[in-house]
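Asker: Sequence plus the predicted model coming up.
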Amino acid sequence: MVTEKKEHTEKVQELFNRIAPVYDSLNQWLSLGQHHIWKMMAVKWSRPNKGGRALDICCGSGDLAGILSQKVGKTGKVHGLDFSIEQLAVAKEKYPTWIIEWIQGDALELPFSNESFDCVTMGYGLRNLNDIPTALKEILRVLKPGSSASILDFHRPYDPTFSLFQDIYLNSLVVPIAQVYGYKEDYAYISQSLQKFPQGRHQVELGYQSGFSRSVHYPIAQGMMGVLVLTK
Ligand SMILES: C[S@@+](CC[C@H](N)C(=O)[O-])C[C@H]1O[C@@H](n2cnc3c(N)ncnc32)[C@H](O)[C@@H]1O
């Protein structure tokens, strides 16, 4: 079991290192630019405040951390954490270290002391983690009391029509476009990771089980996407 989890983590880390050079442009193409809107919604739900301290976990190439830095302003501080050195290299090019502090680290073992942050975000990261309850408990630990975390990700829609639409979108659009860039197998992973990812109602339960006082799930894009908002 431990070896299985370790293998999964290494596989995910290698995958995100490998796709780092094309990650941003493929996101743009595959969502027709919509991912910016979903990311802005997620940041808003985390309730960043001017002068506050914010953390973006699984920051990848840094989009959510970038939006957070506008919200907290010059008097605030944003940390972006990811275990992929190649994704962090792209993030650093977009937002130099004097704007955002980039940290290589594990979402399951955050290198921060208790109650350090006024808000936390995570975009398309939770689905890739091999231990969701541990990830949520880590978020709870580093949040200040009364503060919120906002977790955006793909979901399997409850509605079978949209579930079918999602299958067609992933298999007939995403994978073929990724193939053009030479990353067919890497993008086929999205569909696999969705099969075992908890749906909205289950995520809400996991939030409460992890100790949050409020756990709410907002479906977006007909349930193909969703944001879990957790308050400590
Ligand atoms: C799909 S990308 C999302 C990147 C970015 N948040 C966005 O919305 O564009 C998922 C990111 O999670 C990171 N990741 C996955 N598992 C992780 C872990 N255990 N610790 C830290 N980062 C992890 C990957 O390296 C990758 O950059």
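Answerer: Cool, the structure landed. Numbers count the residues shown, from 1 in each chain.
Asker: Show me the helices in the chain, by range?
Answerer: With DSSP state H as the criterion, the chain has helices at 2-30, 34-45, 63-72, 85-94, 132-142, 160-169, 175-181, 184-195, 200-209.
Asker: Which elements pack onto the last one?
Answerer: Other helices and strands packing on helix 200-209, by 3 or more CB pairs under 8 Å, 6 or more residues apart in numbering; DSSP states H and E, are helix 132-142, strand 214-220, strand 225-231. To be clear about C-beta, it is placed using only N, CA and C from the backbone, and glycine gets the same treatment.
Asker: before we move on, what about the third one?
Answerer: With contacts defined as 3+ CB pairs under 8 Å, 6+ apart, the secondary structure elements packing on helix 63-72 are helix 34-45, strand 53-57, strand 77-82, strand 100-104, strand 117-123.
Asker: Also the second one?
Answerer: With contacts defined as 3+ CB pairs under 8 Å, 6+ apart, the packing partners of helix 34-45 are helix 63-72, strand 117-123, strand 143-154, strand 214-220, strand 225-231.
Asker: Let me see the contact set for the closest residue to G52 other than its chain neighbours.
Answerer: For G52, ignoring the flanking residues on the chain, the nearest one in space by CB to CB, 6 or more residues apart in numbering is D118 at 3.6 Å. The neighbours of D118, taking CB atoms under 8 Å, 6 or more residues apart in numbering as the test, are 48-49, 52-54, 144, 147.
Asker: Can you give me the buried ones in stretch 208-228?
Answerer: Applying a neighbour-count criterion of 16 or more other CB atoms under 10 Å, one finds 210, 212, 215-217, 219-221, 223-228 buried in stretch 208-228.
Asker: Spatially central, which residue of this structure would that be?
Answerer: The C-alpha lying nearest the average C-alpha coordinate of the chain belongs to G123 (CA atoms, centre = their mean; 2.2 Å).
Asker: can you pull the contacts of that residue?
Answerer: Contacts for G123 (CB under 8 Å, 6+ apart) come out as 39, 42, 56, 58-60, 63-64, 152-153.
Asker: For the ligand, see how far away it is.
Answerer: Using CB to the nearest ligand atom, to the nearest Å, G123 is found at 3 Å from the ligand.
Asker: Please apply the same query to R141.
Answerer: Distance of R141 to the ligand, given as CB to the nearest ligand atom: 15 Å.
Asker: Fine by me, we can end here.
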